[in-house]
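Asker: what would the 3D arrangement of this be:
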Amino acid sequence: MAPFSYSGAMSHDPPIIAFSVCRKPGGMKKDTLDNIEENGEMVIHIMSEWFVNAANLTCSNFPPEQDEMKTAGLTPIPSVSVLPPRCEESAVQMECKLHSKQDIKNAAGKVTATLILAEVVMWHIHEDVYDDNSGQGPTTVKHDNLHVISRLGGNTYGTTTYVYDLPRPDRPKTGRKV
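Answerer: Next comes the predicted model:
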């Protein structure tokens with residue numbers, strides 16, 4: 001459940017989310033990575049303003065047997081396609097299966113992080129942030145209702161307060177314009 005600084009969408013077909021799990025001091029793996037390696041499944045959540053403080057609590061160093069979601073006062077709910085639970089407070093929940101992973105080594109050859117590529121196999125989007133565009137186009141998320149929070153590194157977080165569309169220039173039928 002812990003917020004990750006190093007993350008983003010990498011593909012839409014299949015939908016792939018990438019994030020990096022850094023090692024603990026001393027080189028130990030974090031519980032997140034241990035859990036993914038154990039069962040190949042995870043749930044990725046979009047963090048919103050209304051539960052950012054609780055989500056931040058899940059960053060603490062808990063013993064592996066402690067449920068960080070419950071400790072932070074968040075509500076675990078069953079997933080449909082994967083074993084790990086979802087967080088009810090999150091308006092966008094992505095059930096994922098491990099697509100691939102890559103250890104990242106520093107100049108000394110020591111593994112300092114693992115890059116995870118997670119394939120989204122089930123989406124859950126709360127009706128308050130879901131926009132079907134009255135069936136007249138692609139479904140989207142109502143950004144003004146989602147109040148997205150991103151972890152920017154360390155203790156720094158940011159908000160997305162202004163979203164706009166910028167159409168791409170036309171592309172020739174034979175490929176992209178250069």
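Asker: ok, and what's touching the helix-or-strand element of the chain with minimal mean pLDDT?
Answerer: Least confident helix or strand, the chain: strand 140-141 with a mean of 87, by mean pLDDT, DSSP states H and E. Defining contact as CB atoms under 8 Å, 6 or more residues apart in numbering, one finds that strand 140-141 is touched by V92, I125, V129, Y130, D131, N133. All C-beta spots, glycine's among them, are computed from the backbone N, C-alpha and C.
Asker: mind telling me the two of those residues farthest from one another?
Answerer: For the contacts of strand 140-141, the maximum inter-member distance is 17.1 Å, found between V92 and N133 (CB to CB).
Asker: between these two, which one's more packed in?
Answerer: Between V92 and N133, V92 has the larger neighbour count (other CB atoms under 10 Å), namely 18 against 9.
Asker: out of the contacts of strand 140-141, who's nearest A2?
Answerer: V92 (16.6 Å).
Asker: look at V52 and give its secondary structure.
Answerer: Three-state call for V52 (DSSP: H, G, I helix; E, B strand; the rest coil): helix.
Asker: the strands in this protein, which residues?
Answerer: Counting by DSSP state E, the chain has strands at residues 7-12, 15-22, 41-45, 76-77, 86-87, 92-105, 111-125, 130-131, 140-141, 149-153, 156-159.
Asker: averaged pLDDT, the longest one. What do you get?
Answerer: In other words, strand 111-125. The pLDDT scores in strand 111-125 average 97.
Asker: ditto for the second one
Answerer: Model confidence over strand 15-22 averages 96 on the pLDDT scale.
Asker: and that strand, what's buried?
Answerer: Within strand 15-22, the residues that qualify as buried by neighbour count (16 or more other CB atoms under 10 Å) are I16, I17, A18, F19, S20, V21.
Asker: what's the distance between the first one and T156?
Answerer: I16 sits 26 Å away from T156, taking CB to CB, to the nearest Å as the criterion.
Asker: then the fourth one?
Answerer: With distances taken as CB to CB, F19 is found 17 Å from T156.
Asker: list the contacts of stretch 37-52.
Answerer: Residues outside stretch 37-52 that contact it (CB under 8 Å, 6+ apart): 1, 3, 17, 19, 29, 32, 35-36, 55, 74, 79, 82-87, 89-98, 101, 116, 118, 120, 146-151, 157, 159.
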